[in-house]
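# Pasting a predicted model and its sequence here:
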Amino acid sequence: MRTDDLIKALDADARGMTMPLDSAWRVAIAAAATIAAAVFWVTIGPRPDIMAAMHTMRFLSKFVFTIALAVSAFALIRALSTPGASTARRAAWMATAPLLVAVAVILELFAVPEAQWGTRLVGSNMMICMTFIPLIGIGPLAVFLWMLRYGAPTRPVLAGAVAGLLAGGLSATFYAAHCFDDSPLFVATWYTIAVLILAGLGALGGRLFVRW
């Protein structure tokens, strides 16, 4: 069977599902958010001074970064799960979160004395961040990998990696409500590494469980 014929066949299978794929993805994101919220509240919960922190730009900027990642990854993974769908424009939007973080880091470097750069980068919750973002995100990642099987991605490894980025953006959004380290230098370093762990797991899951 030619590649074009295979894509058309997969697309026909996806369209013939009991629940339309777009609706199924909305259910999946709701389920994933519920799982992430449950793990977050049972394990660490929000920081005690969250009401005061909400009045600071550094604290709020963390949510801008993580939500931008989650939204752009969600748009891309929906396209990747549909054979023949265009992904170029949605893939380009994936640059939004890294660009926002980069701008914030540059502003931080200008605003903070050089002697404090190392302290801001290392922070006080490095290991907690590296532990709980993947922990909160592993359940959502499983949901998204299952959804990829429900769809018909033609690039399962890439789709799995994006599933990991989506799970990472979602889990990092919850974790940000607990994290006491609000510096963009900390976020750019440790949040990124933690999210990439989930992306790596997602790529592996895509290779093992989603391939056709």
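That came through, no problem. Numbers count the residues shown, from 1 in each chain.

# contacts and neighbour counts: CA atoms only from here.
Fine.

# So which helix or strand of this structure has the lowest pLDDT on average?
Among the helical and strand segments of the chain, the one scoring lowest on mean pLDDT, DSSP states H and E is helix 3-15, with a mean of 50.

# Only C-alpha atoms, please: export the helix or strand just after that one in CSV.
Once the chain leaves helix 3-15, the next helix or strand it forms, by DSSP states H and E, is helix 21-43. C-alpha atoms of helix 21-43 as CSV (Å, rounded to 0.1, in the frame of the first residue of the first chain):
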residue,chain,number,x,y,z
LEU,A,21,-11.5,13.0,17.5
ASP,A,22,-11.7,16.7,18.4
SER,A,23,-14.3,15.9,21.0
ALA,A,24,-12.2,13.1,22.3
TRP,A,25,-9.3,15.4,22.7
ARG,A,26,-11.4,17.8,24.8
VAL,A,27,-12.4,15.0,27.0
ALA,A,28,-8.8,13.9,27.3
ILE,A,29,-7.5,17.3,28.3
ALA,A,30,-10.2,17.6,31.0
ALA,A,31,-9.4,14.1,32.3
ALA,A,32,-5.6,14.9,32.3
ALA,A,33,-6.2,18.2,34.1
THR,A,34,-8.3,16.4,36.7
ILE,A,35,-5.6,13.8,37.3
ALA,A,36,-2.9,16.5,37.5
ALA,A,37,-4.9,18.5,40.0
ALA,A,38,-5.6,15.5,42.2
VAL,A,39,-1.9,14.6,42.3
PHE,A,40,-0.9,18.2,43.0
TRP,A,41,-3.4,18.6,45.9
VAL,A,42,-2.6,15.2,47.4
THR,A,43,1.2,15.7,47.3
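
# list the buried ones in helix 21-43?
21, 24-25, 28-29, 31-33, 35-37, 39-40 (16 or more other CA atoms under 10 Å).
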